[in-house]
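J.: Turn this into a model:
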Amino acid sequence: MSAQTAPLTSGTPGARPAPGAAPVTSVFVRLKLSLLRNGLRQSGGRQAAYIASAVLVLLFAALTLLGLIALRGYAHADSLVILLAAVLALGWAVMPLFFSSGDETLDPTRLVMLPLRPRPLVRALLAASLVGIGPLFTLCVFAGSVVAVAHGGAAYAVGVVGAVLALLVCVTLARAVAAANVRLLTSRKGRDLAVLSGLVVAVGAQVVNFGAQRLGSAGLGRLDPVADVVRWVPPASAVGAMDAASDGSYGVALAQLALTAAALVLLLWVWARHLTRLMTTPDGSTIQSDTRPVRERGSAGPARWLPAGRTGTTMERTLRYVWRDPKTKAAWVTSLAIGLIVPVFNAWQGTGSVYFACFAAGMLGIQMYNQFGQDTSAFWMVAMTISSTRDAYVELRARALALLLVTLPYATLVTVLTTAILDDWPTLPQTLGLSFALLGAMLASGAWTSAQFPYSIPQDGYKNVAPGQAGLAWISIFGGMVGAALLCAPVIALTIWLNVSAGGDGLTWLLLPVGAGYGAVLTLLGLRLAAPRTAARLPEILTAVSKG
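T.: Below you'll find the predicted structure:
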């Protein structure tokens, strides 16, 4: 029987705390303060980082508060404030998924040995959740929303109640999401999410920048249709209640406040349900593992469609690295996101070109560089299977094929999407041809630099290059990119000539087969040249990739 089955079922409902025992809520608040204080005592670097981040957040909160106050009296200010509340709630919802390690109290399974019932535990954790920089920033935003939207005594009264309810909804939403995904957050996949948090911030910043540019040119009035819908979605409905009370629609204001309160009650119920399930059901330590042979557990899934022999095995290993290794996954997701954002967002803003779609092929082609670095010290197992130039060629070819399984359809999709946004369909064949030629050139140069300039990728921390190998990384990546651009020069020159010459417009479609064929030839030549170098430098490669 697991020890987790006892705490929430022990004791009687009317049991009273022992004499002198402190209330549970105050204990948890002091525990949260102690965790913050003791965390800062671990190292001077952590203390400096926390203080710097706190100062920046408080400064940003003050500027946000002043900005919202300055919006008072402006037309369409209510729409902006309502959408700001919705975005803030969305941030609270996704925060536990990417920054769970920043708050140790997000994992309620650490409390399984305490004789606590769900309701007192929820109240105590909710009170402890209100301690920190995040809740203070959120409170500043909602306080500024009250000043920006409320007009009149009744509106201010509704605003105070609404701000408190909205803050509680945001905090409870974060806790409910964390409780629902606590098994994920404490697993390897949860650590993978933490690695991807920087990408989420970067993509979010790009989206905010794009939205700000659109609003700057079109005005805040463009927000009204969306705000009319969002004002009925908690916790933005609390801000909508302030605006309704300012207009004298007290019935609508009460309905929106009631909707926010109902959402808070629902989230508290969901949170309590997840807490009960977490703390009364067995975990992985009490469940017997499956000891059957792998072949008896089912088929190999999509891997069964890969080629037989060394090629299929290497392709499957490469794809598993992409799916399982945090550093490799982060690099791939970053390339996929940026390769899509740059051409599509520029095309959407009307400032881009269809040739920006080649950026997707370039970003994904970078993944061919330093192929052996992702193996780290385990490369010795690969090296033991390479006894000839033929073996090295098959190894490199399989890794390139694994990349092509993703890069070819993705580069095609980005090119078609960019062309559709710009409505420039006549240039689609030549753009696809350029993308395929660039991809082939990067695969060729990536295979050669992987053998000539390998470097180690540390598994711990956020560094992607081992100390002392930064020069190798620069030579490998940027030298290879310059080489790939030079290799693509014939196709680029042909594209320019066909677009400039008088009778070349009708022949630009030839660039698609020419570019695809040229890229394929470059890839094969690059693999042929890299294979002898790989077979001859196996000890040097193993030494270089094992330094992390």
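
J.: contacts, neighbours, all on C-alpha from now
T.: Will do.

J.: Skipping its backbone neighbours, what lies nearest residue 440 in space?
T.: Excluding the flanking residues, the one nearest residue 440 by CA to CA, 6 or more residues apart in numbering is residue 519, at 4.0 Å.

J.: Output the contacting helices and strands for the helix or strand that neighbour falls within.
T.: Using DSSP states H and E, residue 519 sits within helix 511-536. Contact analysis of helix 511-536 by 3 or more CA pairs under 8 Å, 6 or more residues apart in numbering; DSSP states H and E lists helix 389-422, helix 428-452, helix 489-500 as its packing neighbours.

J.: following that helix, which helix or strand shows up next?
T.: Next in sequence after helix 511-536, counting helices and strands by DSSP H and E, comes helix 538-545.

J.: ok, and what's touching that following helix?
T.: If you take CA atoms under 8 Å, 6 or more residues apart in numbering as the criterion, helix 538-545 is touched by 372-377, 379-380, 383, 451, 454-457.

J.: Among those, name the ones in helices.
T.: 379, 380, 383, 451 (DSSP state H).

J.: Counting neighbours, which of these comes out on top?
T.: Counting neighbours by other CA atoms under 10 Å, residue 451 leads the ones in helices among the contacts of helix 538-545 with 27 neighbours.

J.: what about the residue nearest to residue 440, how many neighbours?
T.: Neighbours of residue 519 using other CA under 10 Å come to 27.

J.: Surely it touches residue 432?
T.: No: Residue 519 lies out of contact with residue 432 (CA atoms under 8 Å); the separation is 11.3 Å.

J.: In three-state terms, how would the closest residue to residue 235 other than its chain neighbours be classified?
T.: Ranked by CA to CA, 6+ apart and with sequence neighbours excluded, the top spatial neighbour of residue 235 is residue 166, at 4.9 Å. Following DSSP: H, G, I helix; E, B strand; the rest coil, the label given to residue 166 is helix.

J.: List the buried residues for stretch 268-282?
T.: 268, 269, 270, 271, 272, 274, 275, 276, 277, 278, 279, 280 (16 or more other CA atoms under 10 Å).

J.: on that earlier part again, just the buried residues of the helix holding residue 519, please?
T.: 511-524, 526-535.

J.: same question, stretch 80-95
T.: 80-86, 88-89, 92-95.

J.: just stretch 316-327 next, same as before
T.: Within stretch 316-327, the residues scored as buried using 16+ other CA under 10 Å are 316, 318, 319, 321, 322, 325, 326, 327.

J.: Please convert those to a markdown table, extending it with distance to residue 30.
T.: Conversion of those to a markdown table gives the following (distance: CA to CA, whole Å):
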| residue | distance to residue 30 |
| --- | --- |
| 316 | 50 |
| 318 | 48 |
| 319 | 47 |
| 321 | 43 |
| 322 | 43 |
| 325 | 38 |
| 326 | 35 |
| 327 | 37 |
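
J.: From residue 258, how far out is the residue nearest to residue 235?
T.: 12 Å (CA to CA, to the nearest Å).

J.: now residue 404
T.: Relative to residue 258, and taking CA to CA, residue 404 is found at 54 Å.

J.: what does residue 523 give?
T.: 64 Å.

J.: cool, and residue 355?
T.: 52 Å.

J.: try residue 77
T.: 23 Å.

J.: re earlier: wait, which of the helices and strands packed on helix 511-536 is closest to residue 26?
T.: helix 389-422 (53.2 Å; CA to CA).

J.: Who are the packing partners of the helix or strand residue 336 falls within?
T.: Applying DSSP H and E as the criterion places residue 336 in helix 326-348. Using 3+ CA pairs under 8 Å, 6+ apart as the contact test, the elements touching helix 326-348 are helix 188-195, helix 197-218, helix 310-324, helix 358-365, helix 389-422.

J.: Domain map for the protein?
T.: 3-10+23-281, 305-545 (automatic domain parsing).

J.: just how off-centre is the longest one within its chain?
T.: Going by CA atoms, centre = their mean, to the nearest Å, the spacing between the C-alpha centre of domain 3-10+23-281 and its chain's C-alpha centre is 19 Å.

J.: Okay then, goodbye and thanks.
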